[in-house]
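Asker: Predicted coordinates and the sequence they were generated for:
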Amino acid sequence: AQTVTQSQPEMSVQEAETVTLSCTYDTSESDYYLFWYKQPPSRQMILVIRQEAYKQQNATENRFSVNFQKAAKSFSLKISDSQLGDAAMYFCAYSGGSNYKLTFGKGTLLTVNP
Amino acid sequence: DVKVTQSSRYLVKRTGEKVFLECVQDMDHENMFWYRQDPGLGLRLIYFSYDVKMKEKGDIPEGYSVSREKKERFSLILESASTNQTSMYLCASSFVGHKNYGYTFGSGTRLTVV
């Protein structure tokens, strides 16, 4: 079974600075997808960014970017110019090939300090 | 605006009661999922459905059942609620295509069993 590991239960960052959240995963598949979801205090899970494993180029969405290292099975999220609204729980998730189920990590709680 | 709607935001039930959690999506998605979220454990898959009247067990199905009589509605049933089922329950849906774009989530139901 695939596993997703987020080794940082909590992180903090100063407003306007950059922070990186770590995620590693275990799989024997070659075709898969990786996701970062954000869950603010409102509880609504929001998709932040998505990476297709066969694409070597790292995905970016505005201030959010990933460092996808396929050989190392690592998928970290970088948040640049952090804003107070970025404070949330962040979940890394994996989905293999044609299997649409997502396996989630345990989450990283990000605090943004003014 | 596409939506996944969970009928209750907060719910308090007594031990032994039969509990229904309802989820409706308006995106014509084939796949629907029920997860429970607990602090330190992340999101764990209870059941999912890939078509009307079709269902598969997830990682923690014990004590739960599901029903999908119509494509847009996926119900989670706690046959006899117990205190260890106090949790946040998240419903999600996704469409089936040649690429995986992840889930759209509902806003969650926080269930307390007393």
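Answerer: Cool, got the structure.
Asker: wait, what's in contact with B:R110?
Answerer: Applying CB atoms under 8 Å, 6 or more residues apart in numbering or on different chains to B:R110 gives the contacts B:R9, B:Y10, B:L11, B:S87, B:M88, B:Y89. C-beta here means a position set from N, CA and C on the backbone, and glycine is covered the same way.
Asker: So in terms of bridging, what pairs with it?
Answerer: B:Y10, B:M88 (DSSP bridges).
Asker: which parts of chain B sit against chain A?
Answerer: Within chain B, the positions adjacent to chain A are B:31, B:33, B:35, B:40-45, B:48, B:50, B:58, B:88, B:90, B:92, B:94, B:96, B:99-103, B:105, B:107-108 by CB under 8 Å from any CB of the partner chain.
Asker: which among those end up buried?
Answerer: B:31, B:33, B:35, B:42-45, B:48, B:50, B:58, B:88, B:90, B:92, B:94, B:100, B:102-103, B:105, B:108 (16 or more other CB atoms under 10 Å in any protein chain shown).
Asker: Filter those residues down to the ones in strands?
Answerer: Mapping these onto strands (DSSP state E) picks out B:31, B:33, B:35, B:42-45, B:48, B:50, B:88, B:90, B:92, B:94, B:105.
Asker: a markdown table for those, including distance to A:Y32?
Answerer: Listed next are these as a markdown table, based on distance: CB to CB, whole Å:
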| residue | distance to A:Y32 |
| --- | --- |
| B:N31 | 16 |
| B:F33 | 17 |
| B:Y35 | 19 |
| B:G42 | 18 |
| B:L43 | 18 |
| B:R44 | 20 |
| B:L45 | 17 |
| B:F48 | 17 |
| B:Y50 | 18 |
| B:M88 | 27 |
| B:L90 | 22 |
| B:A92 | 18 |
| B:S94 | 15 |
| B:F105 | 20 |
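Asker: Could you single out the nearest of these to A:G105?
Answerer: Nearest to A:G105 among these: B:G42, at 5.8 Å, using CB to CB.
Asker: Quick one: residues contacting the closest one.
Answerer: A:F91, A:F104, A:G105, A:K106, A:G107.
Asker: same for chain B: which of those residues are within range?
Answerer: Applying CB under 8 Å from any CB to those, those adjacent to chain B are A:F91, A:F104, A:G105, A:K106, A:G107.
Asker: just those now: which is nearest B:S65?
Answerer: Using CB to CB, the ones next to chain B among the contacts of B:G42 come closest to B:S65 at A:F104, 22.4 Å.
Asker: Make sure that closest one is actually in contact with A:Y90.
Answerer: No. The criterion here is CB atoms under 8 Å, and A:F104 misses it with A:Y90 at 10.7 Å.
Asker: what do those two both touch?
Answerer: A:Y37.
Asker: quick revisit: so which of the ones next to chain B among the contacts of B:G42 are in strands?
Answerer: Checking the ones next to chain B among the contacts of B:G42 against DSSP E, those in strands are A:F91, A:F104.
Asker: so can I have a markdown table of the ones next to chain B among the contacts of B:G42 showing neighbour count and distance to A:Q44?
Answerer: Output for the ones next to chain B among the contacts of B:G42, formatted as a markdown table (neighbours: other CB atoms under 10 Å in any protein chain shown; distance: CB to CB, whole Å):
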| residue | neighbour count | distance to A:Q44 |
| --- | --- | --- |
| A:F91 | 25 | 13 |
| A:F104 | 21 | 16 |
| A:G105 | 25 | 19 |
| A:K106 | 18 | 19 |
| A:G107 | 24 | 15 |
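Asker: so which of the ones next to chain B among the contacts of B:G42 comes closest to A:S74?
Answerer: A:G105 (12.3 Å).
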